[in-house]
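# Sharing a model that was predicted from the sequence below.
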Amino acid sequence: MSHIEKKRILQNDKLPPAKYDLRFIVKSIQTRKTLIEKIIENDDNASWETFCDSYQDYIFVMIKNMGVSHQDSEDLKQDVLVKAWKALPNFTYDPEKGKFRWWLFTIVKNTVYRHFRDKSKDVSTETDSDLVEIDSFIEPEVEKLAEDEWKRFVVKKAWEIVAKEFEPHVLEIFTKLSEGHKVKDIAINYDIKENTVNAYKSRVRRRLYREIVKIEHELDC
């Protein structure tokens, strides 16, 4: 991605995609250790809590979106977290094999598959839907689900951080613009100039973009 292309993305009215070329992360971010590197180096309770806080929402939504009930999703989420935690010391980043989220997703997928297989063997709880659930997954579809969910996960995390840095009316204006409201109408409703509306949009988008890139680097080495 060239400098011109990056500038074009930042100037575009739409929110930039969650997947970026990390070669263009600013040097201060590139030289930081990723969360996974820190966790592997500090195998303690604090690291475990950080690991859970960082990935449990993504893991839960992935499991639930694969057809698991809410309660079972909670249980399987804990299983995945424990399995991933125990396997972390053996994780090494290999560009040819994919990033950390795909390593984590493999654990999620295998755990869910095993869950449905075990359910189908339990005659007392077996139903027709249980029997076909595991066969309903097509690998490319599951991978797309994982990719889409990761993008939403990263953007949500970034938004939660960025939202604390702006005044409520600035966030409201940015949200309205994202929903398709016209700059002119927003300017009238908030009794401000159109240039001010555009300035708010640019400030929030640029800050959000930087936070997304930072989170991608830290959580998906």
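Structure received.

# From here on, just use CA atoms for contacts and neighbour counts.
OK.

# which strands and helices sit next to whatever helix or strand residue 217 lives in?
Using DSSP states H and E, residue 217 sits in helix 194-219. In terms of contacts (3 or more CA pairs under 8 Å, 6 or more residues apart in numbering; DSSP states H and E), helix 194-219 is packed against helix 3-11, helix 27-30, helix 35-41, helix 139-162, helix 168-178, helix 183-190.

# how about a markdown table for these, with mean neighbour count, mean pLDDT and distance to residue 58 added?
What follows is the helices and strands packed on helix 194-219, written out as a markdown table (neighbours: other CA atoms under 10 Å; pLDDT from 0 to 100; distance: least, CA to CA, whole Å):
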| stretch | mean neighbour count | mean pLDDT | distance to residue 58 |
| --- | --- | --- | --- |
| helix 3-11 | 12 | 42 | 26 |
| helix 27-30 | 12 | 40 | 23 |
| helix 35-41 | 17 | 77 | 16 |
| helix 139-162 | 16 | 85 | 6 |
| helix 168-178 | 16 | 94 | 23 |
| helix 183-190 | 14 | 95 | 34 |
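
# so which of these gets nearest residue 92?
Ranking the helices and strands packed on helix 194-219 by proximity to residue 92 (CA to CA) places helix 35-41 first, at 9.5 Å.

# Which residues does the helix or strand following that closest one contact?
The helix or strand immediately downstream of helix 35-41 is helix 45-65, counting by DSSP H and E. Helix 45-65 is touched from outside by 38-39, 70, 73-74, 76-77, 80-81, 85, 105, 108-109, 112, 145-146, 149-150, 153, 219, with contacts defined as CA atoms under 8 Å, 6 or more residues apart in numbering.

# So for the closest residue to residue 112 other than its chain neighbours, what's the pLDDT?
Nearest non-adjacent residue to residue 112, counting by CA to CA, 6 or more residues apart in numbering: residue 63, 6.7 Å away. For residue 63, the pLDDT comes out at 92.

# Against which helices or strands is the helix or strand hosting residue 87 packed?
Following DSSP H and E, one finds residue 87 within helix 70-87. Here helix 70-87 touches helix 45-65, helix 100-121, going by 3+ CA pairs under 8 Å, 6+ apart.
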